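Student: let's see this in three dimensions:
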Amino acid sequence: MTNNIPLAERLRPVTLDDYIGQEHLVGEKGIIRQMINSGRINSFILWGPPGVGKTTLAHIIAKTIDASFFTLSAVTSGVKEVREVIEKCKAESNSIFTKARPILFIDEIHRFSKNQQDSLLGAVEQGVITLIGATTENPSFEVIRPLLSRTQVYTLNSLTAENLDILLKRAIEKDAILSKRKVIVKQNQALFRFSGGDARKLLNILDLIEQSTPESEAVEIDDAIVTDRLQENPVAYDKNGEIHYDIISAFIKSIRGSDPDAAIYWLARMVAGGEDPEFIARRLVILAAEDIGLANPNALLLANATFESLRRIGWPEGRIILAECAIYLANSPKSNSAYKAIAAAMDEVSKTGNLPVPLHLRNAPTKLMAELGYHEGYKYAHDYKGNYVMQQYLPDSLNNKRFWIPCDNPQEAKMWERLDSLKRGSDNGYKEH
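Tutor: Numbers count the residues shown, from 1 in each chain. Predicted structure coming up:
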């Protein structure tokens, strides 16, 4: 029976002491270890790449504090299923035999719709459940703000080479199957490289090598063997995780790095693997704004046209549209000034909160507002030469604060020169009509 269970599942840790990696969270002073030791677990979201132990950690927590463990699938569960699970949790919470609050674990919580996430709020706030979410996507963009305010977000990192080495040795020494075989590790660089910091991926590769080695022979691991076995037995392209994230990352970074050949190669890998074409197109639209931005504003227009054209044309011809866009974006000048500007502005908002709008910029739809000075002193830019007039647009405490810093490219240099010229040439005089 054990032979049919994947190595990654056979070796899944059941205690915190067996858990590998994430020392910043589960080490001696780690916040999650401290919560477990106290027996009081607050709701939180685990954010990190695939194969770093998010699901395993949730199971360990529940087992250690003896809490009931419920799971929901973000793909198959609707609001009805969420409410049903919450009712079960309420019954558990009211039981005299309950030692700890029930834990509701939701993997890939970013796939939950807004309504599904909304349906969790009351139970989390009232302490009916301890919510543990897991996601590979940035919760700031994918999880609704009310739910974020009721949870902490903890970041999990890819496993280090040291972590992977511990995992490899543990598999060889403690696994029910590998421990009975002669395993010789001559080199581990390729094994670690193909694993990419993913424990599950490393164990799957090790499983593959063991299964493809006759029982009469020793299981040998070196760079050549790992590379050859993976080429002979290509891992299926998983559109929901693992290789999916590695390849889209390589694709984006190749375009950002202005390498059209690499971009086309990774695009071909995704096309051959059956990746959702619209997923690729969406990433191109994001990349056009984030990495090319104002250095070539036409890039965003082309990326958006690519997305719309792909919907109209369909597959397989759509791959040509994606290829054209990828090559164009890779060859475009690059700028992340817009990305950095909104990040800087968001950071300022988080620090300074809701600063008042200057009176002259406020709307004055009522007589009372006008009497209070709303809109008074506002200068209508179109009434001035060059359609520009110097006046304050930011809150008083941020006056003259800069968020947009142009990058070194002709397009933004031209924008900055024009803006600087307007400021230097402004005499606040009215146009001649």
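
Student: which stretch of helix or strand covers the residue positioned nearest the centre of the chain?
Tutor: Centroid-nearest residue in the chain, with Cα atoms, centre = their mean: Glu137, separated by 2.6 Å. Using DSSP states H and E, Glu137 sits in no helix or strand.

Student: chain neighbours aside, what residue packs nearest to it?
Tutor: His110 (4.3 Å; Cβ to Cβ, 6 or more residues apart in numbering). To be clear about C-beta, it is placed using only N, CA and C from the backbone, and glycine gets the same treatment.

Student: and Tyr339, that's in a helix?
Tutor: Yes: according to DSSP: H, G, I helix; E, B strand; the rest coil, Tyr339 belongs to a helix.

Student: that one contacts Ala288, correct?
Tutor: No: applying Cβ atoms under 8 Å, one finds Tyr339 not in contact with Ala288, separated by 11.3 Å.

Student: show me which of those two is the more surrounded one.
Tutor: Using other Cβ atoms under 10 Å as the criterion, Tyr339 and Ala288 rank with Ala288 on top: 25 against 14.

Student: tell me the pLDDT at the more buried one?
Tutor: Ala288 carries a pLDDT value of 94.

Student: now do it against Ala299, distance only.
Tutor: 4 Å (Cβ to Cβ, to the nearest Å).

Student: tell me who's in contact with Leu302.
Tutor: Ala288, Cys325, Tyr328, Leu329 (Cβ atoms under 8 Å, 6 or more residues apart in numbering).

Student: re the thing from before, now do the shared contacts for Ala288 and Ala299.
Tutor: What both Ala288 and Ala299 touch, as defined by Cβ under 8 Å, 6+ apart, is the set Leu329.

Student: and the contacts of Leu302, which two are the farthest apart?
Tutor: Ala288 and Tyr328 (9.3 Å; Cβ to Cβ).

Student: all the helices of the stretch 201-350 of the chain, in order from the start?
Tutor: Listed in chain order, the helices of the stretch 201-350 of the chain (DSSP state H, counting those that start in this stretch) span 223-232, 243-256, 260-273, 277-287, 298-313, 318-331, 337-352.

Student: before we move on, back to that, can you give me the pLDDT of the residue nearest to the centre of the chain?
Tutor: So Glu137 comes in at 81 (pLDDT).

Student: ramachandran coordinates for it?
Tutor: phi -110, psi 150 (degrees, to the nearest 10).

Student: I figured it hits Phe112, correct?
Tutor: No: the pair formed by Glu137 and Phe112 falls short of the contact definition of Cβ under 8 Å, at 11.4 Å.

Student: ranking helices and strands of this protein by mean pLDDT, which lands last?
Tutor: helix 367-371 (a mean of 69; mean pLDDT, DSSP states H and E).

Student: next secondary structure after that one?
Tutor: helix 410-425.

Student: where are the low-confidence patches of the stretch 101-250 of the chain?
Tutor: 232-243 (pLDDT under 70).

Student: phi, psi for Gln152 please.
Tutor: Dihedral angles (degrees, to the nearest 10) for Gln152: phi -100, psi 150.

Student: quick one: it from Val124, how far?
Tutor: 12 Å.

Student: those two: who's more crowded?
Tutor: Just comparing Gln152 and Val124: by other Cβ under 10 Å the higher neighbour count belongs to Val124, 19 against 13.

Student: check which helix or strand covers that one.
Tutor: With DSSP H and E as criterion, Val124 is part of helix 114-125.

Student: contact partners for Leu287?
Tutor: Leu287 sits in contact with Ile252, Ile255, Arg256, Ala303, Leu329, where contact means Cβ under 8 Å, 6+ apart.

Student: next one: Phe307
Tutor: Here Phe307 is in contact with Glu278, Ala281, Arg282, Leu284, Val285 (Cβ under 8 Å, 6+ apart).

Student: dump the residue contacts of the first one.
Tutor: Just to be clear, that refers to Glu278. Shown in contact with Glu278 (Cβ under 8 Å, 6+ apart): Phe307, Leu310, Arg311.

Student: turn the residues you listed into TSV, including distance to His375 and pLDDT.
Tutor: Converted to TSV, those look like this (distance: Cβ to Cβ, whole Å; pLDDT from 0 to 100):
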residue	distance to His375	pLDDT
Phe307	40	92
Leu310	46	90
Arg311	44	86
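
Student: among these, which one lies nearest to Val349?
Tutor: Closest to Val349, out of all of those and judged by Cβ to Cβ, is Phe307, at 29.6 Å.

Student: and the closest one, how far is that from Glu278?
Tutor: 7 Å.

Student: what's the neighbour count on Pro214?
Tutor: Count around Pro214 with other Cβ under 10 Å applied: 7.

Student: scratch that, Pro297 is what I was asking about
Tutor: Look at Pro297: counted by other Cβ under 10 Å, it has 15 neighbours.

Student: what's the pLDDT at it?
Tutor: At Pro297, pLDDT is 91.

Student: now it. Nearest residue, chain neighbours left out?
Tutor: Of all residues not flanking Pro297 in the chain, Gln411 sits nearest, at 7.4 Å (Cβ to Cβ, 6+ apart).

Student: re the thing from before, closest to Leu168 out of the helices of the stretch 201-350 of the chain?
Tutor: Once the helices of the stretch 201-350 of the chain are compared by Cβ to Cβ, helix 223-232 is nearest, at 11.7 Å.

Student: got the buried residues for that closest one?
Tutor: When burial is assessed from 16 or more other Cβ atoms under 10 Å, helix 223-232 yields the following buried residues: Ile225, Val226, Arg229, Leu230.

Student: can you spell out which helices and strands pack onto it?
Tutor: Judged by 3 or more Cβ pairs under 8 Å, 6 or more residues apart in numbering; DSSP states H and E, helix 223-232 is in contact with helix 189-195, helix 199-211.
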